[in-house]
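Student: With the sequence up front, the predicted model follows.
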Amino acid sequence: MEIKAVRLAFIFLTAAVTAQLQQQEDEEDGGGWFSASDVRSQDEGRCNIDVLDGSSLSYQQFMERYAYSRPVILRGLTDNTKFRLLCSKSGLLREYGAHRVRLSTANTYSYRKVDVPFQEYVDEFLRPQSADALGSDTLYFFGDNNFTEWQSLFEHYESPPYVLPLTSGAYSFGIAGPGTGVPFHWHGPGYSEVIYGRKRWFLYPPDQEPHFHPNRTTLSWVTETYPYLPEDEAPLECTIRPGEVLYFPDRWWHATLNLDTSVFISTFLG
Ligand SMILES: *[C@@H]1O[C@H](CO)[C@@H](O)[C@H](O)[C@H]1NC(C)=O
Ligand SMILES: *[C@@H]1O[C@H](CO)[C@@H](O)[C@H](O)[C@H]1NC(C)=O
Ligand SMILES: O=C(O)CCC(=O)C(=O)O
């Protein structure tokens, strides 16, 4: 009897240590999402968007200086440590591996949608973007989330507190490989936050439509168009990291490029 209890205690202890090690590993290597074979881009690009400590910008200042006029990046506005832990690769696969997720083609007008089990997305689709792939042939997991199934995760997300009057937030959650992203498009105002990984953003005001092909990827725009832009056609741009949120105003053109395998969530204000 006693020996059994000791053995049982040993098994529980081993399980606890294993879980602890897994958690440490997840924190150190980006939630288990970065794999050794990933080519993680070191080029974070320049940053010509205001980056501010959330605590140094009041809601009133946000409304006056940014809400209706230009993007801003706010740091440390919320603490999503808990949500981040829940979004580790092992945690999400355990909870959601068998659920189906809806993928969209990564082109401006997202024509095609495909449903696959989340496990299959992670195993088969979540890989670095090749330079010559077309956005219209690339499947991206972002948005179209089934809120019934993902509610128990999303309820732990602390969204940016500075919302616009008469709007409420709607989440779009996604995960994608290095080099992937969404090409230029526009819609209503909102926020973007990376939970794991780094995401580079390019933005233009509503009246300055950028030159881009709607079926080409952001990666091809970055390598083929961006380097040759005249100074007066340079975008606003910056790379966001975990702990930062980017705010984009209504109808601003924007494109994204994931520098790492990234887990991310946007809050659309509508
Ligand atoms: C969302 O998930 C629930 C529970 O699995 C399911 O009943 C429902 O059909 C799903 N909704 C959509 C739009 O797929
Ligand atoms: C973009 O790709 C879609 C789907 O393959 C196609 O129907 C559409 O004509 C393409 N658009 C352009 C401008 O090439
Ligand atoms: O995170 C992304 O890659 C796309 C985000 C986006 O386009 C948006 O939030 O509107």
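Tutor: Looks like it came in fine. Numbering: from 1, shown residues only. Ligands and ions are numbered 1, 2, ... in the order given.

Student: make it CA atoms for all contacts and neighbour counts henceforth
Tutor: Noted.

Student: Number of residues surrounding Glu231?
Tutor: Residues lying near Glu231 (other C-alpha atoms under 10 Å) number 7.

Student: ok, now Gln208?
Tutor: Neighbour tally, Gln208, other C-alpha under 10 Å: 12.

Student: Asp132 now?
Tutor: So Asp132, with other C-alpha under 10 Å, has 10 neighbours.

Student: Run through the helices of the stretch 101-250 of the chain in chain order.
Tutor: Assigned by DSSP state H, counting those that start in this stretch, the stretch 101-250 of the chain shows helices spanning 118-120, 147-154, 218-224.

Student: who in this structure is up against ligand 1?
Tutor: Within the chain, the positions lying close to ligand 1 (C-alpha under 6 Å from any ligand atom) are Asn146, Thr148, Glu149.

Student: right, so of the helices of the stretch 101-250 of the chain, which gets closest to ligand 3?
Tutor: Minimum separation from ligand 3 across the helices of the stretch 101-250 of the chain (C-alpha to the nearest ligand atom) falls at helix 218-224, 9.8 Å.

Student: Now do the closest one: distance to the chain's middle.
Tutor: Counting by C-alpha atoms, centre = their mean, to the nearest Å, helix 218-224 is centred 19 Å from the centre of its parent chain.

Student: Gly270 touches Tyr171, doesn't it?
Tutor: No - taking contacts as C-alpha atoms under 8 Å, Gly270 lies outside contact range of Tyr171: 11.0 Å.

Student: Compare those two and say which one has the larger neighbour count.
Tutor: Each of Gly270 and Tyr171 has its neighbours counted (other C-alpha under 10 Å); Tyr171 has more, 21 against 16.

Student: who does that one bridge with?
Tutor: In this entry, Tyr171 is beta-bridged to Thr267, by DSSP bridges.

Student: Nearest spatial neighbour of Leu126, chain-adjacent residues omitted?
Tutor: In space, and not counting its chain neighbours, Leu126 is closest to Gly177: 5.2 Å by C-alpha to C-alpha, 6 or more residues apart in numbering.

Student: From Arg198, how far out is that neighbour?
Tutor: Using C-alpha to C-alpha, to the nearest Å, one gets 11 Å for the distance from Gly177 to Arg198.

Student: The two - which one has more neighbours?
Tutor: Legend: neighbour count by other C-alpha under 10 Å for Gly177 and Arg198, higher for Gly177 (27 against 24).

Student: What residues does the protein have near ligand 3?
Tutor: Counting by C-alpha under 6 Å from any ligand atom, the chain comes close to ligand 3 at Gly181, Val182, Ser192, Thr256, Ser266.

Student: Which one of these is nearest to Tyr247?
Tutor: Checking the residues of the chain next to ligand 3 against Tyr247 with C-alpha to C-alpha, the nearest one is Ser192 at 6.7 Å.

Student: Can you get me a residue count around the closest one?
Tutor: By other C-alpha under 10 Å, 24 other residues sit near Ser192.

Student: Likewise for Gly181?
Tutor: Gly181 has 26 neighbours, counted by other C-alpha under 10 Å.

Student: same deal with the one 10 residues further on?
Tutor: The burial count assigned to Tyr191 is 24, neighbours taken as other C-alpha under 10 Å.

Student: And the pLDDT for it?
Tutor: For Tyr191, the model assigns a pLDDT of 98.

Student: likewise Leu139?
Tutor: With respect to pLDDT, Leu139 scores 94.

Student: if we can go back for a sec, show me what contacts the residue nearest to Leu126?
Tutor: Leu126, Arg127, Pro128, Gln129, Asn258, Asp260, Thr261, Ser262 (C-alpha atoms under 8 Å, 6 or more residues apart in numbering).

Student: What pLDDT is listed against the fourth one?
Tutor: Gln129 is assigned a pLDDT of 89 by the prediction.

Student: the strands in this protein, which residues?
Tutor: Under the criterion DSSP state E, strands of the chain are mapped to 51-53, 72-75, 100-105, 113-117, 139-142, 169-176, 190-196, 199-204, 236-240, 244-248, 253-258, 262-269.
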